[in-house]
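Trainee: Provided below for reference: sequence and predicted model.
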Amino acid sequence: MNRALPLPPAPFSSLQPSPRYDSVDALRGLAMVWMTVFHFCFDLSHLGFWPQNFRADPFWTSQRTVIVSLFLFCAGLGQAIALHQGQGWARFGRRWLQIAGCALLVSAGSFVMFPHSFIHFGVLHGMAVMLLIARCTAGWDRWLWFAGLVAVALPSVAHQLLVGAWAEAAPWFNGRALNWLGLVSRKPFTEDYVPVLPWLGVFWWGLAAGQWAMAAGRGHWLGWRVPQGLQPLALLGRWSLSYYMVHQPVMIGLLMAVAWITRG
């Protein structure tokens with residue numbers, strides 16, 4: 001998002017586009033580029049061009065963790081900026097419906113390709129839930145840092161309990177009805193899994209960092225313009241949802257065409 005706003009914030013008309021902050025958009029764009037490379041390698045593996053173990057190899061699992069963390073931290077920053085700009089529930093609701101609708105499309109599309117491991121609660125599903133929680137807890141201010149720490153720690157505590165004293169409850173928490181919480185003894189077999197916990201903690205930290213940066217006298221932390229050479233990243237970050245929805249179908253389609261030509 002581009003320029004820092006004068007402080008204190010002034011409400012924006014629903015018909016007037018809010019100023020954006022290049023730094024946040026570029027950081028989100030960086031996450032999208034990294035995600036694209038990651039997905040391209042996954043597609044190569046899935047189609048047999050370059051077999052890799054994306055579920056267990058630390059080289060890939062650690063990258064996924066960083067990519068999702070960047071994406072959700074930026075989402076938290078974005079919410080802090082939106083609230084600072086006076087975004088109302090109506091505008092928030094329209095954006096939320098876009099994300100929730102895209103999450104349903106991801107589930108449907110992944111079911112076609114991976115019927116036994118389709119995405120029932122991936123990054124967009126998690127985003128939809130976390131956005132609502134963040135919107136309702138934005139007033140926690142400095143407590144968001146502590147809340148984030150608790151959210152990150154809870155899954156490890158739950159895992160210890162569910163493989164120990166609470167083992168009888170494990171099937172309930174591991175089932176699809178509740179595993180979206182993230183309090184599981186084993187991860188579900190799915191192509192993407194971004195439960196509310198621990199990832200809400202990263203979202204909360206992004207929200208807390210954004211609120212701190214937007215406070216009086218610190219708006220310049222997010223208001224600087226990125227160098228001209230990084231402007232494409234900022235542009236990509238502004239259209240992240242649209243790009244997220246189209247990049248995989250395009251890459252998979254192209255690679256399937258290559259496979260058909262080279263192996264046909």
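Mentor: Here it is on my side, so go on.

Trainee: how much space between residue 185 and residue 162?
Mentor: Residue 185 sits at a distance of 4 Å from residue 162 (criterion: C-beta to C-beta, to the nearest Å). (C-beta placed from N, C-alpha, C; glycine too.)

Trainee: which neighbours do the two share?
Mentor: 170, 173-174 (C-beta atoms under 8 Å, 6 or more residues apart in numbering).

Trainee: Can you flag the buried ones in the residues you listed?
Mentor: 170, 173-174 (16 or more other C-beta atoms under 10 Å).

Trainee: Restricted to helices, list these.
Mentor: Judged by DSSP state H, helices contain the following of these: 170, 173-174.

Trainee: Could I get the phi/psi values of residue 177?
Mentor: Backbone torsions of residue 177, given as degrees, to the nearest 10, read phi -70, psi -30.

Trainee: ugh, wrong one, residue 178
Mentor: According to degrees, to the nearest 10, residue 178 has phi -130, psi -10.

Trainee: ditto for residue 225
Mentor: In terms of degrees, to the nearest 10, the main-chain angles of residue 225 are phi -90, psi 140.

Trainee: what about it, neighbour count?
Mentor: Using other C-beta atoms under 10 Å, residue 225 is surrounded by 14 other residues.

Trainee: hang on, it packs against residue 21?
Mentor: No - taking C-beta atoms under 8 Å as the definition, residue 225 is not a contact partner of residue 21, at 9.3 Å.

Trainee: Just after the lengthiest helix in the chain, pick out the following helix or strand.
Mentor: Ranked by residue count, the top helix of the chain under DSSP H comes out as helix 58-84. Downstream of helix 58-84, the first helix or strand assigned by DSSP states H and E is helix 89-113.

Trainee: does residue 110 really touch residue 191, like I thought?
Mentor: Yes - assessed by C-beta under 8 Å, residue 110 is found in contact with residue 191 at 5.7 Å.

Trainee: so how far is the one helix or strand in the chain whose mean pLDDT sits lowest from its chain's centroid?
Mentor: Lowest mean confidence among the helices and strands of the chain (mean pLDDT, DSSP states H and E): helix 220-223, at a mean of 71. In terms of C-alpha atoms, centre = their mean, to the nearest Å, the centre of helix 220-223 is set 22 Å apart from its chain centre.
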